[in-house]
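Q: for reference, the sequence and a predicted model appear below.
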Amino acid sequence: MKLAVVILNWNGEALLKSYLPKVVQYTPDTSIYVIDNASNDGSVAMLKDAFPNVTIIENSENLGFAGGYNRGLEFVDEEVYCLLNSDVEVTPNWTEPILELFKDKREVGIAQPKILDLKNKGHFEYAGAGGGFLDKFGYPFCRGRIFQALEKDEGQYDDITEVFWATGACMFIRKGLFKELNGFDERYFAHQEEIDLCWRAKNRGNRVYYVGLSHVYHLGGFTLKNSNPNKTFLNFRNSLFSIVKNLPIQHSLPLIFMRLVLDGIAAFRFLTQLKPMHSLAILRAHISFYRYFGEMYRKREKAKIPLKYHMVTSIVWSHFVHGITDFNILVKD
C-alpha cells in the first residue's frame, strides 16, 4: 500500500525547516509532497535547496486549507494520503500502525494518530487529541480535549477505536474515498472542513478510526491563533454548514434554531470576557451561514445507513455547568 505524505504550506518556511527533516527521516521510502499556497516568504526556494527529494506542488493563489489540498492532491497518485500540518513533529514508525489498519479493515476510509501537544508533550493537543466527536448541537470535542481543557496522556487512549471525525492536522485517507467525496468543501476555506468530510464519508458507510499506537506532536495555532476572531467566525459558521449538509432537514432545522440561542449565549459570554470582536465574529458567522444556506442545502446527501452522529446531548452543559473536563467521565455520565 503506497503512502503519500502531503503537507500544505503557506508562508511556513520556519516550520518546514523545523519539522520536515523528521518527516523525511521517519518516513523512508515514502513519497513526500509539499503543496504551496502561493507563499511569499521563500518557502519554495528553501525546499528546492534543502529538500531536493520532496516534490513541490505550487498553487497560484492562497486557496485555504480546503482548496489548497483539493488542487494539490490532483497531482498525487499514491493509494493513501496523509494530510499533515507543517507544524507537526512526527515520531519513529508513526505511519505503520495506521497503514496496517487500512490493510486489515477495508471499511476504514479515514484515520488519525494520537495528537499530543508539542509545547507540553505529556498532554493531548487541541486539534484532534484522541479522536473527535460531536454533541447533539454539532459542537465538536475530542477524547483528551473538551473545549480548552486538555488531558494528560497517561495511556488512557492507547487503543484503536472508531471515532466520528479525524483531525486535519494529521489525517490519513484513502485516495479513492477523497475523490469520491470530491475532497473538502471549499466554501469552508479553513476549520472544520475535516469534520464535514468525515461526516460525509460516514454517511456513505465508511468508518473513521483513531490509532493510539501511533503518535505525533502538534504545535498548533500558526495560521490562526485561538485569540483571532476570524477563527471564531470560521468555527461557528462552518459548524452550521455541516449540520445542514449532513442531517435530514427535519433534524437540522430545529438544531439550527437551538444553535441560534446557544451561539447567542456564547456571544454574550465573550462580551463578559471583554472580547467584543469574538462576539461580533459569532454574529458574522450566522449572517454568512444564512447567506449560503441555499448552497449548503443543495449539497446535502442522503445517508445510506442510519447514523447517530452524537455521543452526548450537550458538551456545553456538561463542561461549563457540570465542570466535566475528562472524556471518560463525560461518557460515563
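A: Right, received. Where do you want to start? Numbers count the residues shown, from 1 in each chain.

Q: in the stretch 1-150 of the chain, where is pLDDT below threshold?
A: In the predicted model of the stretch 1-150 of the chain, no residue satisfies pLDDT under 70.

Q: quick check: G264 vs F236, distance?
A: For G264, the distance to F236 (CB to CB, to the nearest Å) stands at 11 Å. Every residue, glycine included, has its C-beta placed from N, CA and C.

Q: more neighbours: these two, which one.
A: Set side by side, G264 and F236 show more neighbours around F236, with 25 against 14, by other CB atoms under 10 Å.

Q: the one helix or strand that one maps to packs against which elements?
A: Using DSSP states H and E, the element containing F236 is helix 229-246. Secondary-structure packing of helix 229-246 (3 or more CB pairs under 8 Å, 6 or more residues apart in numbering; DSSP states H and E): helix 193-203, helix 249-272, helix 276-291, helix 293-298.

Q: nearest to W317, of those helices?
A: For W317, the closest of those is helix 249-272, at 9.6 Å, according to CB to CB.

Q: could you give the separation of the closest one from the chain centroid?
A: 22 Å (CA atoms, centre = their mean, to the nearest Å).

Q: so for that helix, what's the average pLDDT?
A: Averaged over helix 249-272, pLDDT sits at 93.

Q: tell me, how many residues neighbour T27?
A: By other CB under 10 Å, 19 other residues sit near T27.

Q: who's in contact with it?
A: Contacts for T27 were tallied using CB atoms under 8 Å, 6 or more residues apart in numbering; they are L3, V5, V90, W94, T95.

Q: filter those down to the buried ones, ChimeraX style.
A: Applying 16 or more other CB atoms under 10 Å to these, the buried members can be selected in ChimeraX as follows:
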select :3,5,90,94,95
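
Q: hmm, which two among the contacts of T27 are most spread apart?
A: Spanning the widest gap among these are L3 and V90, at 12.5 Å by CB to CB.

Q: rewinding a little: can I get the helices and strands packed on helix 229-246 in CSV including distance to H322?
A: Compiled in CSV, the helices and strands packed on helix 229-246 are given as follows (distance: least, CB to CB, whole Å):
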stretch, distance to H322
helix 193-203, 24
helix 249-272, 16
helix 276-291, 23
helix 293-298, 33
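
Q: so of these, which one's packed in deepest?
A: helix 193-203 (a mean of 25; mean count of other CB atoms under 10 Å).

Q: for that one, give me every contacting residue.
A: 65-66, 109-110, 132, 134, 140, 164-168, 171, 173, 177, 181, 183-185, 188, 208, 238-239, 241-242, 245-246, 301-305, 307, 309.
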